[in-house]
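> Got a predicted structure plus its sequence, pasted below:
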Amino acid sequence: MQGQVRIENLGKTYHTKQRKGLFKSEAKRVEALIGVSFEIRPGEIFGLLGPNGAGKTTLIKCLTTLLLPTSGAAWINGYQLTKDDNRIRATVGCMLMGERGLYWKLTGRENLEFFGALYHLSPADRRRRADEIIGRLNLGEIADRAVETYSSGQRMKLAFAKALINDAPLLILDEPTNTLDVPSARELRAMVRELNQEGKTVIYTTHIMAEAETLCERVAIIDRGEVLALGTVPELKASLNREAVIRIEGVISARASQAVEQLPGVVRAATAAINGLQQLTVVTNDQETVLPRLIETLTAHHAVMQKIAPEEVTLEDVFIARTGRTLAEDTQVK
């Protein structure tokens, strides 16, 4: 079956100026996307997983015609990117840039009706769609207030509502739970599942591995503009079948982490700050041999270990195994 979205060797290059002193600047080439290729099947929730700065939003902006790719080609809902852009926009519902894509002086209802007009809905249809969405997302209490009076979470929910106004077959949601509290994020994910069960295809970008694991059927792990891995969640986890994951929490210096990474049998090691402590994640192909050496090395470097535990492989472990970094790290080129 041909993909609802088909991407072939898509690339995006920026040329920026980097300041050198007060009056001099130097041209800088930034490759935001490098040879990205994959297909998204009709009716699936497809996840784009990667850290901030990985290229997820750049890819989404290309697919929604907001940016012109430098190279490659893509087809969305049967229409070719750069040739059928108006038709692409008519058949895609987008949640981009979150709350910044709203008009704060208008009410929530006025925002929805305004964007319905941009999709050429008749006045009656845009009012009907706005009413349906307000009811579905439980926005009735705030719908007739100016958006500038909304909380950040309420604005994010309205931005999600805006993506539904044209009832498009393809939804593109860029970090939709960003700034939402836990109950609101859970509610939004439930709505995404419901819309998918009604037949909508969803592209869902996130840097939160738990969201990708629980929501997405297939995931593309992207980092520094390249797709590092592609498959179902079980397939990606199984790619580390011969490897084990050990997590250590405590006070662990950078020198101790570097020493661990040099141990025989250690595939990758990466650290992240968790609740004021360091969490060291070690991917190894020989857990029984590595574990005592690991403890010995950390002790020799004066690490204070509060917890040592082998754990089930996660998508973040897949990312660490390929990059040596955690998803929490920002890889955006400054």
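Great, that's in hand.

> hey, let's count contacts and neighbours off CA atoms from now on
Noted.

> Helix, strand, or coil at the nearest residue to I7 once chain neighbours are set aside?
The spatially closest residue to I7, leaving aside those adjacent along the chain, is A74, at 4.3 Å (CA to CA, 6 or more residues apart in numbering). Each residue gets one of three states, and A74 gets strand by DSSP: H, G, I helix; E, B strand; the rest coil.

> I figured A74 was touching D85, is that so?
No. If you go by CA atoms under 8 Å, A74 and D85 don't touch, sitting 11.1 Å apart.

> Same drill for those two, tell me which one is more crowded.
Shown here are A74 and D85; by other CA atoms under 10 Å, A74 has more neighbours (21 against 16).

> what sits against the more buried one?
Taking CA atoms under 8 Å, 6 or more residues apart in numbering, we find A74 in contact with 5-8, 10, 63, 80-81.

> among those, which ones are buried?
Buried members of the contacts of A74, scored by 16 or more other CA atoms under 10 Å, are 5-7, 10, 63, 80-81.

> P183: which element?
Assessed by DSSP states H and E, P183 sits inside helix 182-197.

> what element comes up after that helix heading to the C-terminus?
Past helix 182-197, the next helix or strand by DSSP H and E is strand 201-206.

> now could you export just the CA positions of that following strand as CSV?
Output of strand 201-206 as CSV, limited to C-alpha atoms (Å, rounded to 0.1, in the frame of the first residue of the first chain):
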residue,chain,number,x,y,z
THR,A,201,-3.6,9.5,10.2
VAL,A,202,-1.4,11.2,12.8
ILE,A,203,2.2,12.4,12.8
TYR,A,204,3.2,13.1,16.4
THR,A,205,6.5,14.7,17.3
THR,A,206,7.9,14.4,20.8
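
> now the angle between helix 182-197 and it, please.
150 degrees (axes from the mean of the first three to the mean of the last three CA atoms, to 10 degrees).

> which secondary structure elements does strand 201-206 contact?
Packing partners of strand 201-206 (3 or more CA pairs under 8 Å, 6 or more residues apart in numbering; DSSP states H and E): strand 45-49, strand 170-174.

> mean confidence score for the last one?
The predicted model gives strand 170-174 an average pLDDT of 96.

> outside of that strand, which residues touch it?
The contact list for strand 170-174, computed with CA under 8 Å, 6+ apart, reads 57, 60, 77, 91-98, 160, 163-164, 200-206.

> what do you get for stretch 203-214?
Against stretch 203-214 from outside (CA under 8 Å, 6+ apart): 45-52, 56-57, 170-176, 216, 219, 233, 314-316, 327-328.

> In ChimeraX, select just the buried ones from the residues you listed.
Here is the ChimeraX command that selects the buried residues among these (16+ other CA under 10 Å):
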select :45,46,47,48,49,50,51,52,56,57,170,171,172,173,174,175,176,216,219,233,314,315,316,327
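
> Quick one: closest of the helices and strands packed on strand 201-206 to K307.
Minimum separation from K307 across these (CA to CA) falls at strand 45-49, 27.8 Å.

> Tell me the strands beside the closest one, with direction?
According to DSSP bridges, strand 45-49 forms sheet pairs with strand 201-206 (parallel), strand 218-223 (parallel).

> how distant is it from the center of its chain?
Put simply, strand 45-49 sits 7 Å off its chain's centre (CA atoms, centre = their mean, to the nearest Å).

> Rebuild the helices and strands packed on strand 201-206 as JSON lines, extending it with distance to L291.
Listed next are those as JSON lines, based on distance: least, CA to CA, whole Å:
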{"stretch": "strand 45-49", "distance to L291": "30"}
{"stretch": "strand 170-174", "distance to L291": "39"}
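
> quick one: furthest residue from the center of the protein?
When distances are taken from the C-alpha mean of the chain, A300 lies farthest, 38.7 Å away, according to CA atoms, centre = their mean.

> Now do the strands in the stretch 1-150 of the chain.
For the stretch 1-150 of the chain, the strands defined by DSSP state E, counting those that start in this stretch cover 5-20, 24-40, 45-49, 71-76, 79-80, 92-95.

> Stretch 251-260: which residues count as buried?
Neighbour counts using 16+ other CA under 10 Å place 251-253, 256-257, 259-260 of stretch 251-260 among the buried residues.

> Could I get the average pLDDT for stretch 9-26?
78.

> All good on my end, thank you.
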